[in-house]
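Visitor: Structure for the following, please:
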Amino acid sequence: MPSMPRNSLFRACLLSFAMLPALAGALSQTNSDSADLVLADMALSRGDCRGGTDRYIKAAMASDDARIAERANKVASDCQQVAASARAARRWQKLEPQSAGAAAAVALAAVRLYQPEEAGAAMLRTHALGGDDALINLIGDASDSGGTAIALNTLKPMLDSPEVSERLLNAGVDLALETFDFTTARKLAERALANEPASGVARAQLARVLTAEGDAVAAIAISQEAAALEPESERFAYADTLLRLDRMDEARQELESLRADASVREEAELRLGKLAYQMGDMTEAGRRFGSLIGSEEVAAEAFFYLSSIAEREGRTDLALEGYTRLVEAGAGLVARGRAARLLLLKNDRDAAFRILDEHAAKDRAESLDVEFTKAALLDDTGKSKEAIALLQLALERYPDHPGVRYQIALIQDKTGLTRESIRSFEDLLKDRPDDASLLNALGYSLADRNQKLPRAEALIRKALLSSPDNPAFLDSLGWVRFRRGDLAGALPHLERAYRIYPDPEIASHWGELLWVSGKQAEARALWARSLARSPDSKPLRATIERLTGTKMDPPEKKSAPDSDDADDGQPLAPELAPQSTSL
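Guide: Numbering: from 1, shown residues only. Okay, the predicted model is just below:
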């Protein structure tokens, strides 16, 4: 985030509270735009994001200076004031109609407000004014804001044009994959490869598509070619393909082979550690991550995983120490969230929230994500009502942000407040009738409770029109067909969903279908594989207990050493902690 203004008037915010009325009076005698800007920056310096945004919007609307409108848009966007950012972006574009930046700001605000027509028109205008670079940057920002489907639908005619550049075509492949539209992704990837037959990058992209489609033989062959053609950028294409295909032993062998090359040894070792962690082998994972603590490139990530291993094994004090050291080294929200979770489990809510609030104070663009993290932690620790209350307070500060209401609805649904959650989803759909995530969320909620199954299926199928290969949506469709008694019709959707993304909740659904179909051995094998990856999955464990009638033991954790034996335990890592990290 850019540094805050440091002029003398801004520094006046450090004056005592008693002097503020006099200061405000003096400002009122100056140019009103300047006064609003000063007061806006003062509000921001106090952490009053909404007040600062309101002041900037007032100044932007009263001024013919495009720079003020641009700044107002930046402040409103960082402060997650979605409607205000749209107003500022439109003002900026009116004052500076030939600015690609203004057009991109309008597009991004429209994406966040789910206004597809305005967003699409602004995306095309961004390209017309700023070329491929401006559009590719906008695609990334729109994807981060949940606008992949809007972007892909808008850009399909451009991507289908024979004049489209290779860079934009490659960006289109990534966009189609993110949208879970594998048919479009394959068409674009094959065109990219036809245009550049010797391209390793194009081959790697096509391998991703083929993997997603389940064509293992073709995906493996073309990923090997990618790695051979462009070893600098696609060295791990073959290993990545094996991992996506769930061929773990072969992936391990390939990574061990790559580890012999000094130029990629650390990256290969890191990936081997992640693979061991994913498969539940904490001993091997710890050994591999421990060997990387001295690395300048990957030490922070390795240290994070060592802390996570300690947490998973029940050594919570050691894990908390590790996460805290990462925070002190500059860690982002991920590590802070893990530390906060452990503090919350120790009933130290003040310390837990303090470590998160410190992050929000450093970067106001992260403030809403901090509130979402707090709510998730409260929900995960059995304090769902407090989580909902926290989000309702956040709604007062972010009244136009649909994500807040969506998170409230999800927690209501998860905690059994069915009537409230369905009403929340319905209200959201009134404003966003074609939002695929909302359509699926409501459809799945109805299906999971055996309510209004025909409507539930219609909602889910509508969601799939925007994202035809989305594993969450496919899982929902399989689940509603299962609920309607169509076991044969449900099976291919659940199996395909799991092949695309081996999520434990999808495994619970697929396994339940296998179980009631008389294929108990297959169900048990599926659940065992999924439990190895996700031993703490509550939906999966609940399904196994309900169907087998066997109470499952809690996930195995090592006991923390007694204080008398503490000196005998292995430290988390050598004394030299990572110096910086963005985790």
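Visitor: Does residue 251 touch residue 275 like I think?
Guide: Yes - with contact defined as Cβ atoms under 8 Å, residue 251 counts as touching residue 275 (6.6 Å). C-beta coordinates here come from the backbone N, C-alpha and C atoms, glycine included.
Visitor: residues in contact with residue 193?
Guide: For residue 193, the contacting residues are 199, 202, 203, 206, by Cβ atoms under 8 Å, 6 or more residues apart in numbering.
Visitor: Could you export these as a markdown table, including pLDDT, distance to residue 51 and secondary structure?
Guide: Conversion of the contacts of residue 193 to a markdown table gives the following (pLDDT from 0 to 100; distance: Cβ to Cβ, whole Å; DSSP: H, G, I helix; E, B strand; the rest coil):
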| residue | pLDDT | distance to residue 51 | secondary structure |
| --- | --- | --- | --- |
| 199 | 92 | 52 | coil |
| 202 | 92 | 50 | helix |
| 203 | 94 | 53 | helix |
| 206 | 94 | 51 | helix |
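Visitor: which of those lies closest to residue 373?
Guide: Distance from residue 373 was checked for each of the contacts of residue 193 by Cβ to Cβ. The minimum falls on residue 206, at 36.9 Å.
Visitor: what's the closest non-adjacent residue to the closest one?
Guide: Distances taken as Cβ to Cβ, 6 or more residues apart in numbering place residue 189 nearest to residue 206, at 4.1 Å, with adjacent residues excluded.
Visitor: And residue 78, by the same measure?
Guide: Leaving aside its chain neighbours, residue 78 sits nearest to residue 365 (4.2 Å; criterion: Cβ to Cβ, 6+ apart).
Visitor: quick one: contacts for the one you found?
Guide: Under the criterion of Cβ under 8 Å, 6+ apart, the neighbours of residue 365 are 1, 77, 78, 79, 80.
Visitor: Find residues that contact each of residue 251 and residue 275.
Guide: Common contact partners of residue 251 and residue 275 (Cβ under 8 Å, 6+ apart): residue 243.
Visitor: Enumerate every residue touching residue 519.
Guide: Neighbour list for residue 519: empty [criterion: Cβ under 8 Å, 6+ apart].
Visitor: what do you get for residue 206?
Guide: The neighbours of residue 206, taking Cβ under 8 Å, 6+ apart as the test, are 186, 189, 190, 192, 193, 222.
Visitor: For residue 114, which non-adjacent residue is closest in space?
Guide: residue 432 (4.4 Å).
Visitor: try residue 467
Guide: residue 180 (4.5 Å).
Visitor: Residue 412 too?
Guide: The shortest distance from residue 412 to any residue that is not its chain neighbour, by Cβ to Cβ, 6+ apart, is 3.7 Å, and that residue is residue 421.
Visitor: so is that neighbour in a helix, a strand, or just coil?
Guide: helix (DSSP: H, G, I helix; E, B strand; the rest coil).
Visitor: what's the burial count for it?
Guide: As a burial measure, residue 421 scores 22 neighbours (other Cβ atoms under 10 Å).
Visitor: Could you verify my assumption that it touches residue 409?
Guide: Yes - Residue 421 is in contact with residue 409 according to Cβ under 8 Å; the separation is 5.2 Å.
Visitor: got a list of what residue 103 touches?
Guide: With contact set as Cβ under 8 Å, 6+ apart, residue 103 has these partners: 93, 122, 125, 126, 129, 130.
Visitor: need the contact list for the third one.
Guide: Applying Cβ under 8 Å, 6+ apart, we find residue 125 in contact with 103, 106, 107.
Visitor: Does it lie in a helix or a strand, and which?
Guide: Under the criterion DSSP states H and E, the helix or strand holding residue 125 is helix 116-144.
Visitor: buried residues in that helix?
Guide: Applying a neighbour-count criterion of 16 or more other Cβ atoms under 10 Å, one finds 116, 118-127, 129-130, 134-139, 141-143 buried in helix 116-144.
Visitor: same question, stretch 433-443
Guide: Residues of stretch 433-443 classed as buried: 435, 436, 437, 438, 439, 440, 441, 442, 443 (neighbour count, 16+ other Cβ under 10 Å).
Visitor: Export those residues to TSV and append columns for secondary structure.
Guide: Formatted as TSV, the entries for the buried residues of stretch 433-443 read as follows, by three-state DSSP:
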residue	secondary structure
435	coil
436	helix
437	helix
438	helix
439	helix
440	helix
441	helix
442	helix
443	helix
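Visitor: picking up where we left off before, nearest to residue 317 among the contacts of residue 365?
Guide: residue 1 (33.6 Å).
Visitor: Spell out the secondary structure type for the residue nearest to residue 206.
Guide: State at residue 189, reduced to three classes by three-state DSSP: helix.
Visitor: just to revisit the earlier point, which of the contacts of residue 365 sits closest to residue 154?
Guide: Using Cβ to Cβ, residue 77 comes nearest to residue 154 of those, at 20.3 Å.
Visitor: Nearest spatial neighbour of the closest one, chain-adjacent residues omitted?
Guide: Once chain neighbours are set aside, the closest to residue 77 by Cβ to Cβ, 6+ apart is residue 85, at 4.5 Å.
Visitor: Report the mean confidence score over stretch 458-469.
Guide: Stretch 458-469 carries an average pLDDT of 96.
Visitor: To clarify, my last question referred to stretch 305-315.
Guide: Per-residue pLDDT values across stretch 305-315 average out to 94.
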